[in-house]
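S.K.: this one's structure only:
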């Protein structure tokens, strides 16, 4: 799964989807996840990397990650490549 190539993401976490005209602001962890998705990292790699850097259990982060990925799918920001 990858972020659609036409999605614009600023360094500060401002996201713009030109297909829908919608925009969002992301927190720092969400920005990291988006960048990892852009780099082609798999869900398991993202979980491992984030949980090794921050004090969060894998199960708690996995739940949050799945919710975030679902939201990205709902807003047509991901492809299933």
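M.R.: Thanks, I have it. Everything numeric in this text was worked out from a predicted model, so none of it was measured.
S.K.: Residue 20 and residue 63: what is the separation?
M.R.: Applying Cβ to Cβ, to the nearest Å, the value for residue 20 to residue 63 is 26 Å. All C-beta atoms are positioned from the backbone trio N, CA, C, and that covers glycine.
S.K.: can you check residue 50 too?
M.R.: As for residue 50, its distance to residue 63 is 13 Å (criterion: Cβ to Cβ).
S.K.: and if you look at residue 77?
M.R.: Spatial separation of residue 77 from residue 63 under the definition Cβ to Cβ is 20 Å.
S.K.: Compare those two (neighbour count), which wins?
M.R.: When residue 77 is set against residue 63 and neighbours are counted by other Cβ atoms under 10 Å, the residue ahead is residue 77, at 23 against 11.
S.K.: got the contact list for that one?
M.R.: With contacts defined as Cβ atoms under 8 Å, 6 or more residues apart in numbering, residue 77 is in contact with 3-4, 7, 15, 17.
S.K.: same thing but at 6 Å, please
M.R.: When the contact criterion is Cβ atoms under 6 Å, 6 or more residues apart in numbering, the partners of residue 77 are 4, 7.
S.K.: One more: residue 14?
M.R.: residue 25 are the contacts of residue 14 under Cβ under 6 Å, 6+ apart.
S.K.: List the beta-bridge partners for it.
M.R.: residue 25 (DSSP bridges).
S.K.: Next, the buried residues of the lengthiest helix in the chain.
M.R.: As assigned by DSSP state H, the longest helix anywhere in the chain is helix 58-74. Residues of helix 58-74 classed as buried under the neighbour-count rule (16 or more other Cβ atoms under 10 Å) are 61-62, 65, 68-69, 72.
S.K.: One more: stretch 6-26?
M.R.: 7, 9, 13, 15, 17, 26.
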